[in-house]
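1. Predicted model and sequence below, questions to follow.
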Amino acid sequence: MGDAVQNSMGQIGRQWLTVVAVVMAIAVNALSNFFPPAGQNIGQISNTTFSDVLITPAGYAFAIWGLIYIGLIAFSLYQALPAQRQQADIAQAAQWLIGACLLQMVWVYVFLLSLFWLSVVLMFGILFCLANAYLRTRAETVVPRRKNRWLFQAPFSVYFGWITVAAVVNVASALTVTVQAGSAALSMGAIAWTIVMMTISAGIAATVALRYDDAAFPMVAVWALCAIAVRQSAVVPIAFVGIALSVGLVCIIVRVQGVARRSRREPSSPT
């Protein structure tokens, strides 16, 4: 009896800690924009220090954080419901999300203090946490109900998808500062490496989409690749590859959505 009560209290604590972690991550990000420790917020650093990083998307692409935060709030409230308290997959995903939120809060201020290689280490830590959380959303034990799709799977697909792209951009940014690329940013070598990184990002998105029948993850990659093409519209090879990769991913998205619709029509599938 005592163990059951203790376990229940632990689950409740985890539920509330998840809500607090999500709220704190959003608050820290907002405060960093208004009160940056070194005088520049993330957007300003992106437009100045990293203006020569060819893989950086156009500014509007970062509006996706609004969607990410809406999804995380929705999940945090969903997992806090009494009905979800004993759901092992949801509990484990929440635990990994707490880790991702904590690392993200640290990443914000490390990046703003121009400790760019340390920010890369933290970014891969966030990516590791989200990869583990994402795998829980795709576990065979997850019941494919509409609520689970929209409140459990989709938020992690979008967040994980964006952080996958952000990790590539973070590495490219740190490398640019290290080698002091400056005016050499438009060299053929830089363009070639940018195309390679874009292709790798698209390849990861395609692999995840086909492996897990996930349309949301590659949609994020399409959003980022199109934004890169827009920002680098004067650099024809990058713009062309960005659009071409986006078209390829859209074809995969259509295929995945078709598979998902057929799967949901099967009589044996829960609704």
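-> Perfect, I can see it now.
2. Count the neighbours of Gly10 for me.
-> 11 (other Cβ atoms under 10 Å). C-beta: built from backbone N, CA, C; applies to glycine.
3. Name the helix or strand for it, please.
-> Gly10 is part of helix 2-34 when elements are defined by DSSP states H and E.
4. Would you mind identifying the next helix or strand past that helix?
-> Taking DSSP H and E, what comes next after helix 2-34 is helix 42-48.
5. Ala206 against Gly248, yeah?
-> Yes. Using Cβ atoms under 8 Å, Ala206 is in contact with Gly248, at 7.4 Å.
6. Give me the buried positions along the helix holding Gly10.
-> Buried residues in helix 2-34, counted by 16 or more other Cβ atoms under 10 Å: Gln11, Arg14, Gln15, Thr18, Val19, Ala21, Val22, Ala25, Ile26, Val28, Asn29, Ser32.
7. need those residues in JSON lines with pLDDT and distance to Val235, can you?
-> Output for the buried residues of helix 2-34, formatted as JSON lines (pLDDT from 0 to 100; distance: Cβ to Cβ, whole Å):
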{"residue": "Gln11", "pLDDT": "91", "distance to Val235": "52"}
{"residue": "Arg14", "pLDDT": "94", "distance to Val235": "47"}
{"residue": "Gln15", "pLDDT": "95", "distance to Val235": "48"}
{"residue": "Thr18", "pLDDT": "97", "distance to Val235": "42"}
{"residue": "Val19", "pLDDT": "97", "distance to Val235": "44"}
{"residue": "Ala21", "pLDDT": "98", "distance to Val235": "39"}
{"residue": "Val22", "pLDDT": "98", "distance to Val235": "37"}
{"residue": "Ala25", "pLDDT": "98", "distance to Val235": "34"}
{"residue": "Ile26", "pLDDT": "97", "distance to Val235": "34"}
{"residue": "Val28", "pLDDT": "97", "distance to Val235": "34"}
{"residue": "Asn29", "pLDDT": "95", "distance to Val235": "30"}
{"residue": "Ser32", "pLDDT": "94", "distance to Val235": "30"}
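8. Tell me the one among those nearest to Val158.
-> Among the buried residues of helix 2-34, Val22 lies closest to Val158 (Cβ to Cβ), at 13.9 Å.
9. The closest one reaches Gly71, doesn't it?
-> No. Counting by Cβ under 8 Å, Val22 does not reach Gly71; the two are 9.9 Å apart.
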